[in-house]
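J.: model the following, please.
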Amino acid sequence: MVMEQNSSNPIVGNMVLYCLLRRWNSDRKESQFLLIKKQDYFTFPATKLRANEDLYHALIRALDEDLKIKSGKYFIEEELPMIPSSGTSPRPKHGDGLPKNWFLYPLVMSYHEDALDAIPLDQINWMTIDEIIDQNKEPNILTIAQMIKKNRSDLCSEPPKTPSMDALACAWSAQNSQEVRIVRQNDIKGILNIGNRAFNLRVADPYLPYHKQGLGFTWSFFTPKDKQDLHVHGLPSVEIYGILEGELLLWYKPMNQRGARSWSFQLLRAGDWAEVGPLQCHFACWLTKDGLGTVIKAAGAGELAGVGRLGISGKTVCQWKDHAGNEQHCSNYGHCLIHPIMEKLMIEYGKPFEDRKYDIIRMLYDQI
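T.: Below you'll find the model as predicted:
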């Protein structure tokens, strides 16, 4: 018998999402999990995942409707491995019904500080994993709690105080999955304020869920938290800097020119743009702590990603380590001198992100 193939068939089997929301009890030095009262039992906020439904839409039932937490206030941090389960439920609604098979699908959630303000307090409880195991009789919740205690004890430690950059960016991406994507200023700033690297929308090799692949170009937003390095792009790559807020100092020189005096610099302010052509060594340094810029890198051909040899990798820095840990150098290494003030700026800029650093950077700029 030949079975008809249908690639659009949903995965067979019931899946129930369970939301793990945590808070830190500073007095007891323990992490507590939120449980909601349903049919006389306390359970993690849960809902059945429907066929062809994404996680974000399913969570509306479990969090927006059941807990009155508004969308945009909670975020998915991590999907935990699904746990197969079967049997009958102790809930009165099911009585002694026929055994069923389903998958428990736990999600580690984060939320904004004011997200829980509207929850009716008489309908929830906060319990540690040990308290859940000792006191809760709902088998699905017991199974998840036992899995956490055995395999994910890190979830019992103090949770982060804010959602992560990746969680915010993934939530934005889920709301902008079409070919026309709108990225609002508030979203850009909210994501970058929490993170410590660039917010990449298009990359040559997507490595995070909110990335889209950029064929021939990449696109990202960056702030002073995103560390910059001295590098050069091979032919035919072009890198474009756009300054939205703050002041950015751009140093540059042709790769084949030698001597500290061959370096030039330009100060870019909000509204300014700079196009850096191929084979131009350059280093970008924020002069202000509150900076926001966008970078577009384009190449009609050639590699856009990775650090390594000119013409092979996306960019080449003065020195780097290969996959084997061996020290590698630019072909001009030792044949071009960095301007002394530029060198001091690079050292200062590489230090941890803090207010005082930018006072020193401004003083160095004034010495040029």
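J.: show me the strands in the stretch 51-200 of the chain, by range?
T.: 74-79, 83-87, 100-111, 124-127, 199-203 (DSSP state E, counting those that start in this stretch).
J.: tell me the contacts of the closest residue to residue 355 other than its chain neighbours?
T.: Spatial nearest neighbour of residue 355, chain neighbours left out: residue 289 (6.1 Å); criterion: CB to CB, 6 or more residues apart in numbering. No exception for glycine: its C-beta is placed from N, CA and C like everyone else's. Contacts here follow CB atoms under 8 Å, 6 or more residues apart in numbering; on that basis residue 289 touches 224, 246, 353, 355, 357, 358.
J.: quick one: the fifth one is in a strand?
T.: Right, residue 357. No - read with DSSP: H, G, I helix; E, B strand; the rest coil, residue 357 is helix and lies in no strand.
J.: identify the residues contacting it.
T.: Counted by CB under 8 Å, 6+ apart, residue 357 has contacts 289, 348, 349, 351.
J.: from these, which is closest to residue 130?
T.: residue 351 (42.9 Å; CB to CB).
J.: what about that closest one, neighbour count?
T.: 12 (other CB atoms under 10 Å).
J.: before we move on, what about residue 314?
T.: Count around residue 314 with other CB under 10 Å applied: 21.
J.: might one say that it is in contact with residue 298?
T.: No - if you go by CB atoms under 8 Å, residue 314 and residue 298 don't touch, sitting 11.7 Å apart.
J.: could you dump the contacts of residue 357 into JSON lines with pLDDT, distance to residue 100 and secondary structure added?
T.: Converted to JSON lines, the contacts of residue 357 look like this (pLDDT from 0 to 100; distance: CB to CB, whole Å; DSSP: H, G, I helix; E, B strand; the rest coil):
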{"residue": "289", "pLDDT": "92", "distance to residue 100": "57", "secondary structure": "coil"}
{"residue": "348", "pLDDT": "90", "distance to residue 100": "63", "secondary structure": "helix"}
{"residue": "349", "pLDDT": "90", "distance to residue 100": "59", "secondary structure": "helix"}
{"residue": "351", "pLDDT": "88", "distance to residue 100": "58", "secondary structure": "coil"}
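J.: shaky segments in the stretch 1-150 of the chain?
T.: 1-13, 88-99 (pLDDT under 70).
J.: now the common contact residues for residue 314 and residue 298.
T.: residue 237.
J.: what about the residue most central in space within the chain, distance to residue 353?
T.: Geometric centre of the chain, nearest residue: residue 166, 1.8 Å, by CA atoms, centre = their mean. Separation of residue 166 from residue 353 (CB to CB, to the nearest Å) stands at 19 Å.
J.: picking up where we left off before, want to throw the contacts of residue 357 into TSV with distance to residue 104?
T.: Below are those laid out as TSV (distance: CB to CB, whole Å):
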residue	distance to residue 104
289	45
348	51
349	48
351	46
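J.: please, where are all the helices along the chain?
T.: 55-59, 66-67, 129-135, 139-151, 165-175, 185-194, 340-349, 355-366 (DSSP state H).
J.: got the angle for the last one vs helix 340-349?
T.: Calculated by axes from the mean of the first three to the mean of the last three CA atoms, to 10 degrees, helix 355-366 forms an angle of 170 degrees with helix 340-349.
J.: report the buried residues of helix 355-366.
T.: By neighbour count on 16 or more other CB atoms under 10 Å, the buried set for helix 355-366 is 357, 358, 361, 364, 365.
J.: kindly report the same for the third one.
T.: Of the residues in helix 129-135, those scored as buried under the neighbour-count criterion (16+ other CB under 10 Å) are 129, 131, 132.
J.: which residues touch the residue nearest to residue 238 when sequence neighbours are not counted?
T.: Nearest residue to residue 238 in three dimensions, chain neighbours excluded: residue 298, at 5.2 Å (CB to CB, 6+ apart). Residue 298 makes contact with 216, 217, 218, 237, 238, 240, according to CB under 8 Å, 6+ apart.
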